[in-house]
Every structure is written in structure tokens, then in C-alpha cells.
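Engineer: Structure here, sequence nowhere to be found:
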């Protein structure tokens with residue numbers, strides 16, 4: 001039996017932990033002074049707290065239809081990204097740094113063998129993730145091989161190759177993942 005194509009999520013499915021903190025940790029380490037680090041940490045904690053409040057409200061919102069729940073969850077994700085962008089939490093990063101950081105990501109134990117078997121069977125793998133950095137995912141997945149495409153959010157870079165702090169919101173929610181997966185399967 002050959003499924004023809006495999007489409008996988010990244011954070012938590014392939015990785016041992018969610019990896020968004022890798023990007024913010026990279027940005028924190030790039031702060032030049034103690035004051036910059038403290039200000040960045042304060043802004044980051046504020047954004048995280050607001051996100052957690054949004055998620056808690058989703059859980060407390062009572063019985064809703066699946067569609068209403070998905071719409072509310074997507075709206076919460078967009079509000080969170082708006083806060084991240086406004087605070088410039090992802091500014092001043094370079095693709096090469098993100099790829100290098102990706103190489104430090106730990107995969108779940110089954111992942112290397114899974115990718116090896118997929119390659120041996122000639123089954124292409126597509127990764128579809130709401131992660132904020134395609135460059136970081138690329139750095140992580142290069143060591144596994146067999147990945148035909150990566151669909152994710154990605155940082156916006158200026159003409160000098162430095163992130164502006166804005167995100168290209170290619171994948172934000174479950175419906176986006178579904179649309180991207182179906183587009184890959186039927187292209």
C-alpha cells in the first residue's frame with residue numbers, strides 16, 4: 001500500500017516540543033544590552049499573556065458549532081500575530097540565523113526512520129505548519145531529506161535580508177492547513 005503523498009504538521013507532530021520559542025529565543029539573544037533584553041522579555045511576556053487569555057476565552061465560550069469554534073480560534077490567532085507584529089518581536093532576524101536555529105530542533109524518536117522509509121518508497125512528504133519561520137523549518141528538515149515542500153507562515157524581509165517583524169500569514173488556522181494540504185495533493 002502506498003498513500004501517494006504524506007502531509008504532516010511540524011510542531012508537536014514531528015518535533016518534541018512547539019518551536020515558536022526557538023524564534024523568540026533567537027531574537028532575545030540578539031538584543032545588545034541588558035535593557036534591550038529586559039524590554040524584549042517584557043513585550044514577549046505581555047503578548048504571551050494576551051494570547052493565553054484569548055485561548056482561555058475560547059474554552060469558556062460555551063457550546064458552539066464547529067465552524068464558529070474554528071472562526072473564533074482563527075481570529076484569536078490573528079489577534080496574537082497582530083500583537084507580535086506591533087511589538088516587533090520578530091524584527092532584526094536573518095534567514096541564515098533561522099536556518100541555523102532550525103538545525104537545533106529535536107524531532108520525535110520515530111521521525112528519522114519514518115522519513116527514511118518514505119524516501120525509500122518514493123513517497124513525497126509535504127510539511128504544512130502555522131510556524132512563523134519557513135527558514136527555521138527548512139534548517140530543521142534538511143537533515144531528514146525527502147521533504148518536497150514546506151508551507152508555513154514566514155517572516156517578511158527587507159532588501160538587506162533582515163526581518164521587518166511582519167509575518168506572511170500563509171497558514172494561521174486549521175482551515176488554512178486543510179486548504180494547503182488539499183492544494184498540494186491535487187496539483
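Structural biologist: Okay, I see it. All values reported here derive from a predicted model rather than from experimental measurement.

Engineer: and residue 172, what element?
Structural biologist: If you go by DSSP states H and E, residue 172 is not part of any helix or strand.

Engineer: so what's it up against?
Structural biologist: 74, 77-78, 81, 130, 153 (C-beta atoms under 8 Å, 6 or more residues apart in numbering). (Glycine included, C-beta is placed from N, CA and C.)

Engineer: what ranges do the helices span in this protein?
Structural biologist: Along the chain, counting by DSSP state H, helices occupy 20-29, 34-60, 66-86, 95-102, 111-121, 134-141, 174-185.

Engineer: Going by distance to residue 18, which of the contacts of residue 172 wins?
Structural biologist: Closest approach to residue 18 among the contacts of residue 172 (C-beta to C-beta): residue 130, at 10.2 Å.

Engineer: what's the nearest residue to the residue most central in space within the chain if we skip its chain neighbours?
Structural biologist: For the chain, the residue nearest the mean C-alpha position is residue 131 (0.5 Å; C-alpha atoms, centre = their mean). If the residues on either side of it in the chain are set aside, residue 131 comes closest to residue 152, at 4.9 Å by C-beta to C-beta, 6 or more residues apart in numbering.

Engineer: and if you look at residue 98?
Structural biologist: Closest to residue 98 by C-beta to C-beta, 6+ apart is residue 135, at 3.9 Å.

Engineer: least trustworthy helix or strand in the chain by mean pLDDT?
Structural biologist: None of the helices or strands of the chain scores lower by mean pLDDT, DSSP states H and E than helix 174-185, at a mean of 59.

Engineer: now the contacts of residue 172: which count as buried?
Structural biologist: 77, 81, 130, 153 (16 or more other C-beta atoms under 10 Å).

Engineer: Same list, these, but as TSV with pLDDT and distance to residue 111 please.
Structural biologist: Formatted as TSV, the buried ones among the contacts of residue 172 follow (pLDDT from 0 to 100; distance: C-beta to C-beta, whole Å):
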residue	pLDDT	distance to residue 111
77	92	25
81	96	27
130	90	19
153	92	22
